[in-house]
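*Asks:* show me how the following folds:
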Amino acid sequence: MKLVKDSERLDKVLANNGFGTRREVRHFIRSRVVSVNGTLVLDADAPIDLENDVIAINGEKINIRTNLYLMMNKSANHVCSTTGGLHPTVFDLLAPEEHRKFLGGELHTVGRLDVDTEGLLILTTDGALTHRLTSPKYHCSKEDTLCIYR
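*Replies:* Okay, here's the model as predicted:
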């Protein structure tokens, strides 16, 4: 099961890796500081092979993160919701850099734990992994994490 697309636009890759908004990144690319595989790139729409291409800014290679995977020991009195209410959310416990959008999408919880429940909580931007772990058609029990390899 392939979980990552083969290519993505250069501006989207840089924006989703914290180099600014798409508009700021486009300006950044036009300023002649971005190279792909050693070649200067001026086209923000240039396709990037996420698994093979090497992107550098001012000659310094950058690491591309397509998805974020976090494990959290959820404490009581936190809810597994993106918006708060009566209780703080598990997202309030995260560092600010983990709140941004990644190429894989928005950060979300894999399943939910009740407000009083403590235990392992997985947070990710990987929708395909979330589907694989939570969809009834894959018969993945909460106790059997090896099911993602079946």
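
*Asks:* next, work out how far apart the residue sitting nearest the centre point of the chain and Phe91 are.
*Replies:* Centroid-nearest residue in the chain, with CA atoms, centre = their mean: Asn67, separated by 3.0 Å. Going from Asn67 to Phe91 by CB to CB, to the nearest Å gives 17 Å. C-betas here are computed from N, CA, C, even on glycine.

*Asks:* Asp53 too?
*Replies:* Computed as CB to CB, the Asp53 to Phe91 distance reads 32 Å.

*Asks:* swap in Ile48?
*Replies:* Using CB to CB, Ile48 is found at 29 Å from Phe91.

*Asks:* more neighbours: these two, which one.
*Replies:* Counted by other CB atoms under 10 Å, Ile48 and Phe91 do not tie: Ile48 has more neighbours, with 23 against 19.

*Asks:* so what does the helix or strand containing that one touch, helix or strand wise?
*Replies:* Secondary structure from DSSP states H and E places Ile48 in strand 47-49. Contacts defined by 3 or more CB pairs under 8 Å, 6 or more residues apart in numbering; DSSP states H and E place strand 47-49 against strand 7-9, helix 10-15.

*Asks:* what's the average pLDDT for the shortest one?
*Replies:* The reference is to strand 7-9. On average, the pLDDT along strand 7-9 is 90.

*Asks:* follow-up on the earlier one: wait, isn't the residue nearest to the centre of the chain in contact with Phe102?
*Replies:* Yes: Asn67 is in contact with Phe102 according to CB atoms under 8 Å; the separation is 5.9 Å.

*Asks:* which residues do these two both contact?
*Replies:* Common contact partners of Asn67 and Phe102 (CB atoms under 8 Å, 6 or more residues apart in numbering): Thr125.

*Asks:* what's the per-residue pLDDT of the closest residue in space to the residue nearest to the centre of the chain that isn't next to it in sequence here?
*Replies:* Closest residue to Asn67 apart from its sequence neighbours, by CB to CB, 6 or more residues apart in numbering: Gly104 at 3.7 Å. Gly104 is assigned 70 on the pLDDT scale.

*Asks:* tell me, how many residues neighbour Gly104?
*Replies:* Per other CB under 10 Å, the neighbour tally for Gly104 reads 21.
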